[in-house]
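# Quick one, fold the following:
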Amino acid sequence: MHDTQYPEDSFEGKMKFPSYAKNLTTSSLFVAIKEHLYSDLNGEAVILSTKNGKYYGLNQVGRSIWKAIKNPTNLEEIQTRVMDEYEVDNETCNREVSSFLKTMWSEGLIEVLDEKTV
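So this is what the prediction gives:
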């Protein structure tokens with residue numbers, strides 16, 4: 001197994017969504033894959049992907065986002081949840097949430113859906 005630990009104060013990443021996902025809209029929905037195990041650990045979380053055998057450590061913000069995407073959720077709803085729970089400005093929240101979602105997508109842990117497909 002491989003452990004991917006995300007920094008405590010940032011989810012800054014360099015990964016990009018695939019070219020077909022460039023057309024993300026406000027109706028695009030993010031949802032966690034079903035093939036995973038999740039556990040809360042003292043305010044943080046661990047995810048084990050049963051698809052790739054890797055496990056991932058999430059800090060409190062990552063845990064909050066992960067809980068938000070248990071069901072299909074759009075970017076605005078995710079950002080609102082994070083901003084309600086943490087003291088963060090809109091620009092930083094947008095950047096960090098987007099980066100986190102891109103990382104989770106690149107690891108195969110989330111799917112991006114169109115509202116019409118749900």
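
# quick one, phi/psi of the nearest residue to E85 once chain neighbours are set aside?
Distances taken as Cβ to Cβ, 6 or more residues apart in numbering place S64 nearest to E85, at 5.6 Å, with adjacent residues excluded. C-betas here are computed from N, CA, C, even on glycine. The phi and psi torsions at S64 (degrees, to the nearest 10) take the values phi -60, psi -40.

# residues contacting S64?
S64 makes contact with R81, V82, E85, Y86 under the criterion Cβ atoms under 8 Å, 6 or more residues apart in numbering.

# which element is the closest residue in space to the last one that isn't next to it in sequence on?
With Cβ to Cβ, 6+ apart as the measure, V61 is the residue that lies nearest to Y86, at 6.3 Å, once sequence neighbours are left out. Per DSSP states H and E, V61 falls inside helix 60-68.

# before we move on, the earlier item: may I ask which of the contacts of S64 has the most neighbours?
Counting neighbours by other Cβ atoms under 10 Å, V82 leads the contacts of S64 with 20 neighbours.

# Give me the buried positions along whichever strand or helix holds that residue.
Under the criterion of DSSP H and E, V82 resides in helix 75-85. Neighbour-count burial for helix 75-85 flags L75, I78, Q79, R81, V82, M83 (criterion: 16 or more other Cβ atoms under 10 Å).
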